[in-house]
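1. okay, predicted coordinates and the sequence, questions at the end:
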Amino acid sequence: MEINFTHHQSAHCENGVVSNLMKHNGFNVSEPMVFGIGSGLLFCYIPFLKVNHAPAITYRAMPGAIFKRFAKRVGIKIKHEKFKSPEKAKLRLDENLKNNNPVGLQVGVYNLEYFPDEYRFHFNAHNLVVYGKQEDKYLISDPVMESVTTLTGKQLEKVRFAKGAFAPKGHIYYPTGFPDKLDLEGAIAKGIKHTCKDMLAPIPIVGVNGIKMVAKLIRKWPKKKGVRKANHYLGQIVRMQEEIGTGGGGFRYIYAAFLQESSKILKNEELAELSKEMTVIGDLWRDFALDASRIYRNRKAKIDAYNDVATQLEVIADKEKVFFKKLRKAI
Amino acid sequence: MKKRDVPQDKSNLESTNSKELCYAVNEDGEYTTAHSSGWAPKTIALDNAIADINERIENAKQNVLNEKSSPLEYYMEVHKMDIGILASYAGLWTWRVKRHFKPKVFNKLSNKILQKYADVFEITIEELKNIKHGN
């Protein structure tokens, strides 16, 4: 069976799944809207977690948080389920497909056959939509891919029951109830306030403070860890910031798009101005990535170069501090 | 980022003929989406990360051949895992997996435990014991 589902490519998987499921149910909500209302923007350095043998740095909210907040703020009901047994997980998926209900799944990337090999790491917070089944082939709409694809039952089971950090445990989710009209205005305000609170949080590893902390670490890495490791860590930051999913500039451009769209919905000119400012900040993040790549391209670099990119991050942190204070007032 | 500045560099996305979506501003200052075939700064980062993994695999291989480590280390690196991920897939505590990295301990493992590891790597116990079967 095949559910009549329209695939739209998005920059980020979680926003994309939500936006596509919303569109399927007759609500035209863009990816930036989902991201902004769900308060997806964040910066966090997680010192006790290592990803690919480098410190973990994230530019987004915890997996699943964007959808959860978005749903709560616009008033849709979502059913979430996790499973111990792969058989039960499959059964529930098949039931939903039979009822003409496309569902979101959380999956691991490592065994995702249609991804280029180079992108297959043990990352367990990827999201996709299943919109049908033909014999043993599941029809897959993966929002970061340009077009739809398929996975066999066995392949799908493998990615649904990937292990490690954020193991999906067969996590399946789908909207079950919608309000007559989405309250976007209220939801936008809540989403923006939450993001401002996160980015200005008085915690050393979160938000603006987190960016400053990472800048400090970058200065130390070449001496403390050696150039090799320092470059590996720096490369990891750029990958987290720019690799498939952020829409560029560590989600800053998506966020700017959200502010622009919101300024029209709320008829708030100030948000349009702030959108432009966020774009400029996004460009600074891109410059940082470009300069960082000049360091790790050669695998050897002068200490000065690390200090330079660290200073760039500090400038960004200062600008974002001012930015989010202004944004908080604009709402 | 202006729409016309969206980078179209060569990247690993080429192998699957896909492009990623970026957000950028068009001529009228409106946000829109644009496809990008890749951007050199992150392609270099990804290539470095892969070179790093290959180096880890080669190191692990030498460790196993010199009997400094058990074949588990080699297969773990081949599958881009770390001890935590391997332990999670095998359903064992990390300290046990760490112990199994010692050749002496590994050589005495029961078939039951070996089978767990073999299943994780989707190979036979024979292949698990001898990395020459690998690659």
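-> Structure's in. What do you need?

2. and the longest helix for the chain?
-> No chain was given, so I picked chain A. helix A:207-242 (DSSP state H).

3. let's do chain B instead
-> Under DSSP H, chain B gives helix B:40-65 as its longest helix.

4. give me the below-cutoff pLDDT ranges for the chain.
-> Looking at chain A here, since you left the chain open. Scanning chain A with the threshold set as pLDDT under 70 gives A:299-301.

5. try chain B instead
-> Looking at chain B by pLDDT under 70, you get B:133-135.

6. stretch A:52-66: how far from the chain's middle?
-> Stretch A:52-66 sits 8 Å away from the centroid of its parent chain (C-alpha atoms, centre = their mean, to the nearest Å).

7. kindly check the end-to-end length of that stretch for me.
-> 24 Å (C-alpha to C-alpha, to the nearest Å).

8. ditto for stretch A:21-30
-> With C-alpha to C-alpha, one end of stretch A:21-30 sits 11 Å from the other.

9. picking up where we left off before, can the longest helix of chain B be said to contact chain A?
-> Yes. Counting by C-beta under 8 Å from any C-beta of the partner chain, contacts between helix B:40-65 and chain A involve B:40, B:41, B:42, B:44, B:45, B:46, B:48, B:49, B:50, B:52. C-beta here means a position set from N, CA and C on the backbone, and glycine is covered the same way.

10. so which elements touch that helix?
-> helix A:207-242, helix A:269-298, helix B:71-78 (3 or more C-beta pairs under 8 Å, 6 or more residues apart in numbering or on different chains; DSSP states H and E).

11. ChimeraX command for the buried members of the residues of helix B:40-65 next to chain A?
-> The buried subset of the residues of helix B:40-65 next to chain A, as determined by 16 or more other C-beta atoms under 10 Å in any protein chain shown, is captured in ChimeraX by this line:
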select /B:41,42,44,45,46,48,49,52
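
12. so which of the residues of helix B:40-65 next to chain A comes closest to residue A:146?
-> residue B:42 (18.4 Å; C-beta to C-beta).

13. residue 38 - how many residues pack around it?
-> With no chain named, the answer covers chain A. Around residue A:38 there are 29 other residues, counting by other C-beta atoms under 10 Å in any protein chain shown.

14. my bad, the chain I had in mind was chain B
-> 19.

15. look up how far chain A lies from it.
-> For residue B:38, the distance to chain A (C-beta to the nearest C-beta, to the nearest Å) stands at 10 Å.

16. quick one: which of the helices and strands packed on helix B:40-65 is nearest residue B:15?
-> Closest approach to residue B:15 among these (C-beta to C-beta): helix A:207-242, 17.7 Å.

17. isn't residue A:285 up against residue A:251?
-> No. Contact between residue A:285 and residue A:251 fails when scored by C-beta atoms under 8 Å: they sit 9.3 Å apart.

18. for residue A:27, grab phi and psi.
-> Dihedral pair for residue A:27: phi -110, psi 120, per degrees, to the nearest 10.

19. contact partners for the closest residue to it other than its chain neighbours?
-> Once flanking residues are discounted, residue A:27 sits nearest to residue A:182: 5.9 Å by C-beta to C-beta, 6 or more residues apart in numbering or on different chains. Applying C-beta atoms under 8 Å, 6 or more residues apart in numbering or on different chains to residue A:182 gives the contacts A:27, A:29, A:74, A:75, A:76.

20. give me the subset of those lying in helices.
-> Filtering these for helices - DSSP H - leaves residue A:74.

21. may I ask which of the contacts of residue A:182 has the most neighbours?
-> residue A:74 (25 neighbours).

22. before we move on, the earlier item: highest mean neighbour count out of the helices and strands packed on helix B:40-65?
-> Among these, helix B:71-78 has the highest mean neighbour count (mean count of other C-beta atoms under 10 Å in any protein chain shown), at a mean of 24.

23. can you give me the angle that helix makes with helix B:40-65?
-> 170 degrees (axes from the mean of the first three to the mean of the last three C-alpha atoms, to 10 degrees).

24. next one: helix B:71-78, is it in contact with chain A?
-> No. Helix B:71-78 lies apart from chain A when judged by C-beta under 8 Å from any C-beta; the minimum separation is 10.5 Å.

25. ok, the residue most central in space within chain B - contacts?
-> Nearest to the mean C-alpha position of chain B, by C-alpha atoms, centre = their mean, lies residue B:80 at 2.3 Å. With C-beta under 8 Å, 6+ apart as the criterion, the residues that contact residue B:80 are A:52, A:110, A:120, A:121, A:122, B:53.
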